[in-house]
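> Need coordinates for the following:
(one chain, ligands or ions: 1)
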Amino acid sequence: MSVRSFRKVLGRSLLGMAALVTGAIFVSSAAAQVPPIPVPPGGIPGLPPGVPGGAPTGVPGLPPIPGIPAPGGTPAVPNIPGMPATLFSPTGSLLMPAMKDETKKIYQKEIDALAATKKSQVEKIPLLTDSSKEEVNAFAGCDDSGKTFVVLTEGMYQMLDLMSQCRATDETFGTNYCDEYLKELAKQQEGKAKILPLPPGLLDPTKSLDQKKLKRQRQLFQEAAGYVVGHELAHHYMGHLGSACTGGPGGTMKPGDAVKLIKKVVPAVNQINESQSDSEGIKNLLDAGQNEADYKWSEAGGLMVIEFFKKLRDLNPSSVLFTFMKTHPEPEVRVFVVKQTANLWRMQHPGAVTGNGGTGGGPTAPKLPIPTIPGIPAPAPK
Ligand SMILES: [Zn+2]
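Okay, here's the model as predicted:
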């Protein structure tokens, strides 16, 4: 979305892809393996009974322990044997510092994968975090002095984590938690956007801490974060911000800017620029993914993000989330652009594998049908 026209009001210029909700995330080297997380039958030493990974409740002789917080949104419990406390929480969500760190690394990898002319325009643009947990949003923009930045809110990180968790669980166990979660989420977005914890069944440690699920969850998060930041980077190197943002890299954002902006940005959505950024961002993600040693990123995480918000809109068109959806092109358009771009990229890179090319463990990126555009001959099937 283009926010230039609001500069006079806000003293800021932002372009972005926005969405609205709240959640949790991860960091650490993208190339690192997700280590095994064994949960012994009696629970992980040091964890109290009743929490995921802890000893089972109701064990004879073990009295109930009061004051144990419910699973979901649980902060990191450091130094749990066998668990990398810097990556996943005891409930199997990605931790916020880890998500920020991981996304910064992906952002840099995407910059490095750009052609020289594009790279030179964005290589020093910082990736910032807005601490708002109630805004699910991402922007490309610049500050009062025209200095540029890309911003993700903590709410966006949280939402990407929640989507990755439920999708990875559903893929691994054949469950339907994403739909269950979406239905509950859609019901509760009246008046104020609200991020909810995941369904309790999903937080059963036999699912939430399953190694295959955690590995797939991390892949999806990487792809989703890579899609979001790749889209915002494209706004910069495609020149969508225009003359307002010529102060060079190094912009800053004040707390609350993201919240103010979202209320002003709806009329400024430029579908052409948004579709261009989706297309460029996906190509950038697929290019960068080829340099990954193990799992080569696909468009699946990006489609997960778009389709999540589409379902939310369909379930409750009057929700606050739906209002946020108006700051972006219709998801149907975005799904089309992303799928089309990825399919064309694969045709141009016949030896390249995306999705499950390495030893990733996720499903192989499906061979998607290439839609026909009126007036444009359909590409020959591979
Ligand atoms: Zn955008």
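
> hey, let's count contacts and neighbours off CA atoms from now on
Fine.

> low-confidence ranges in the protein?
For the chain, applying pLDDT under 70 flags the ranges 1-85, 258-269, 320-328, 357-382.

> how about 50 then?
Filtered on pLDDT under 50, the chain yields the residue ranges 1-40, 42-84, 264-267, 322-323, 358-374, 376, 379-382.

> and the top helix by length along it, what does it pack onto?
Longest helix of the chain, by residue count under DSSP state H: helix 211-237. Judged by 3 or more C-alpha pairs under 8 Å, 6 or more residues apart in numbering; DSSP states H and E, helix 211-237 is in contact with strand 13-18, helix 96-113, helix 116-122, strand 137-142, strand 148-153, helix 154-173, helix 271-289, helix 300-315.

> mind giving me TSV with those and columns for distance to the ion and mean neighbour count?
Below are the helices and strands packed on helix 211-237 laid out as TSV (distance: least, C-alpha to the ion, whole Å; neighbours: other C-alpha atoms under 10 Å):
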stretch	distance to the ion	mean neighbour count
strand 13-18	4	29
helix 96-113	16	22
helix 116-122	16	15
strand 137-142	7	29
strand 148-153	11	27
helix 154-173	14	25
helix 271-289	5	24
helix 300-315	13	20
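
> out of those, nearest to Pro249?
Pro249 lies closest to strand 148-153 among the helices and strands packed on helix 211-237, at 4.7 Å (C-alpha to C-alpha).

> just the angle between the closest one and helix 96-113, please?
Put simply, strand 148-153 runs at 150 degrees to helix 96-113, going by axes from the mean of the first three to the mean of the last three C-alpha atoms, to 10 degrees.

> now strand 148-153 and strand 137-142, what's the angle there?
160 degrees.

> elements contacting strand 148-153?
Under the contact criterion of 3+ C-alpha pairs under 8 Å, 6+ apart, the helices and strands touching strand 148-153 comprise strand 127-130, strand 137-142, helix 211-237.

> again, 6 Å this time
strand 127-130, strand 137-142 (3 or more C-alpha pairs under 6 Å, 6 or more residues apart in numbering; DSSP states H and E).

> Take the helices and strands packed on helix 211-237 and lay them out in CSV including distance to Arg216.
Supplementary listing: these in CSV, determined by distance: least, C-alpha to C-alpha, whole Å:
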stretch, distance to Arg216
strand 13-18, 25
helix 96-113, 15
helix 116-122, 30
strand 137-142, 24
strand 148-153, 22
helix 154-173, 6
helix 271-289, 15
helix 300-315, 11
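
> looking at those, which is closest to Leu209?
Per C-alpha to C-alpha, nearest to Leu209 of those: helix 154-173, 9.9 Å.

> Can you name the element that comes right after the closest one?
helix 177-187 (DSSP states H and E).

> anything in the helix or strand containing Asn343 near the ion?
Using DSSP H and E, Asn343 maps to helix 331-348. No: legend: contact between helix 331-348 and the ion by C-alpha under 5 Å from the ion is lacking; minimum distance shown is 10.7 Å.

> ok, and the closest non-adjacent residue to Leu114?
Leaving aside its sequence neighbours, Leu114 sits nearest to Asn284 (C-alpha to C-alpha, 6 or more residues apart in numbering; 6.6 Å).

> Give me the distance between the one you found and Ser243.
Asn284 sits 24 Å away from Ser243, going by C-alpha to C-alpha, to the nearest Å.

> now do Asn273
As defined by C-alpha to C-alpha, Asn273 lies at a distance of 15 Å from Ser243.

> hmm, back to that, would you indicate which residues of the helix holding Asn343 are buried?
Neighbour counts over helix 331-348 (16 or more other C-alpha atoms under 10 Å) mark Pro331, Arg334, Val335, Val337, Val338, Lys339, Gln340, Thr341, Ala342, Asn343, Trp345, Arg346 as buried.

> Only alpha carbons, please: show it as PDB.
Provided in PDB are the C-alpha atoms of helix 331-348 (Å, rounded to 0.1, in the frame of the first residue of the first chain):
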ATOM      1  CA  PRO A 331      -6.600 -11.700  -1.400                       C
ATOM      2  CA  GLU A 332      -7.900 -13.400  -4.600                       C
ATOM      3  CA  VAL A 333      -5.700 -11.000  -6.600                       C
ATOM      4  CA  ARG A 334      -2.700 -11.700  -4.400                       C
ATOM      5  CA  VAL A 335      -3.100 -15.500  -4.500                       C
ATOM      6  CA  PHE A 336      -3.300 -15.300  -8.300                       C
ATOM      7  CA  VAL A 337      -0.200 -13.100  -8.500                       C
ATOM      8  CA  VAL A 338       1.900 -15.200  -6.100                       C
ATOM      9  CA  LYS A 339       1.000 -18.500  -7.700                       C
ATOM     10  CA  GLN A 340       1.500 -17.200 -11.200                       C
ATOM     11  CA  THR A 341       4.800 -15.700 -10.400                       C
ATOM     12  CA  ALA A 342       6.100 -18.800  -8.600                       C
ATOM     13  CA  ASN A 343       5.000 -21.100 -11.500                       C
ATOM     14  CA  LEU A 344       6.700 -18.800 -14.100                       C
ATOM     15  CA  TRP A 345       9.800 -18.700 -11.900                       C
ATOM     16  CA  ARG A 346       9.900 -22.500 -11.900                       C
ATOM     17  CA  MET A 347       9.600 -22.600 -15.600                       C
ATOM     18  CA  GLN A 348      12.500 -20.200 -15.900                       C
END
